[in-house]
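Chemist: with the sequence up front, the predicted model follows.
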Amino acid sequence: MTSTDSPTTPPARRRGPAKGTPRAPRMKREERERQLLDVAEAVFADHGYQDTTMELVAAKAGITKPVIYDHFGSKENLLVKVVARAREDLLSSTKEALDAIPPHSPVEDYFRAGVRSFMEFFERRRGSFKVYMQESAVAVVAGQDIEQIRQAQARDIAERFGDIPQIAAYPLPYREAMAEIMIATNERVAAWRLRHPEITLEMAVEVVMAVLWNGFASYTADTAPEVDLSGSS
C-alpha cells in the first residue's frame with residue numbers, strides 16, 4: 001500500500017425511512033385498526049367512495065398500503081367496517097339517551113329522546129353519513145352488508161323497546177317493525193337536511209316527531225288495538 005492509499009470505508013448504511021418520510025408509531029393491532037377506521041372515515045367523507053384509494057388512506061395514516069390490506073383486505077370491506085362502527089356508535093348513543101329518561105315517563109319522552117340521539121349523531125358524523133346514504137357506488141359494493149347492519153340495529157332497538165312498559169306487551173316482530181320505521185324516517189330526514197342546511201337539528205326532531213308520534217301514540221296507549229302477526233285473515 002502506498003502512502004497515498006487509504007483504507008476503503010464502506011458507505012454508511014441507511015436505517016429507517018428516508019429523511020422527511022413520516023413514520024407512524026408502532027401500535028397494538030386493535031389501536032391501529034381504530035386509527036385506520038378514523039382516517040378512512042374522514043377520507044371517505046372528503047373524497048367519496050369512488051375517489052378514495054387505499055394509497056390515500058395509507059398516506060393519511062402515515063403507513064404503507066400493505067398494512068391496510070392486512071387489516072381489512074379490500075376497500076369494500078374497509079367501508080363496511082367504517083359503517084358498522086358508525087352504526088354501533090349510533091346504537092350506543094341511542095341506548096344512553098333512552099337510559100337517561102326517568103322511569104315511568106310518558107312514551108313520547110322515550111321517542112323524542114331516541115329521535116334526538118339519531119339527529120345529534122348524524123350531525124356529528126355528517127360527512128360519512130353523506131357517503132353511505134347518497135353514493136350509488138356504495139350501494140353496489142356494500143349495500144347488502146350495510147342492510148344487515150341496519151337490520152341488526154333495528155333488532156337491538158326493538159329489544160330496548162321491550163324495557164318500556166307501554167310497548168313491551170307487543171311481540172318482538174312488531175317492535176322490530178316500529179324500530180325499522182323509526183330508523184328509516186330518521187335517515188331520510190337526515191338526508192333531507194344535507195340538501196337543506198338551513199334546517200336546524202331542533203326542526204328536524206320536530207319533523208320526525210310530527211310524522212311518527214301520532215301514529216305510534218295509538219299503539220302505545222292503554223286502549224291500543226291488538227296486533228295479529230299470525231298471517232291469518
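Modeler: Sure thing, it's come through.
Chemist: C-alpha from now on. contacts and neighbour counts both.
Modeler: Noted.
Chemist: which residues are in contact with residue 56?
Modeler: residue 43 (C-alpha atoms under 8 Å, 6 or more residues apart in numbering).
Chemist: how close does it get to residue 182?
Modeler: Counting by C-alpha to C-alpha, to the nearest Å, the separation of residue 56 from residue 182 is 36 Å.
Chemist: where's the residue nearest the centre of the chain, which helix or strand?
Modeler: Most central in the chain under C-alpha atoms, centre = their mean is residue 86, positioned 1.8 Å from the mean C-alpha point. In this assignment (DSSP states H and E), residue 86 forms part of helix 75-99.
Chemist: this protein: helices as residue ranges?
Modeler: For the chain, the helices defined by DSSP state H cover 29-51, 54-61, 65-72, 75-99, 107-124, 126-134, 136-161, 165-168, 172-195, 201-217.
Chemist: between the third one and helix 54-61, how many degrees?
Modeler: What separates the directions of helix 65-72 and helix 54-61 is an angle of 100 degrees, with axes from the mean of the first three to the mean of the last three C-alpha atoms, to 10 degrees.
Chemist: and helix 65-72, average pLDDT?
Modeler: Rounded to a whole number, the mean pLDDT of helix 65-72 is 94.
Chemist: tabulate the CA atom coordinates of that helix in CSV.
Modeler: Below are the C-alpha coordinates for helix 65-72, written out as CSV (Å, rounded to 0.1, in the frame of the first residue of the first chain):
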residue,chain,number,x,y,z
LYS,A,65,-50.6,0.2,1.9
PRO,A,66,-50.0,-3.4,2.8
VAL,A,67,-50.8,-2.6,6.5
ILE,A,68,-54.3,-1.6,5.5
TYR,A,69,-54.8,-4.7,3.4
ASP,A,70,-53.6,-6.8,6.3
HIS,A,71,-56.3,-5.3,8.5
PHE,A,72,-59.2,-5.0,6.1
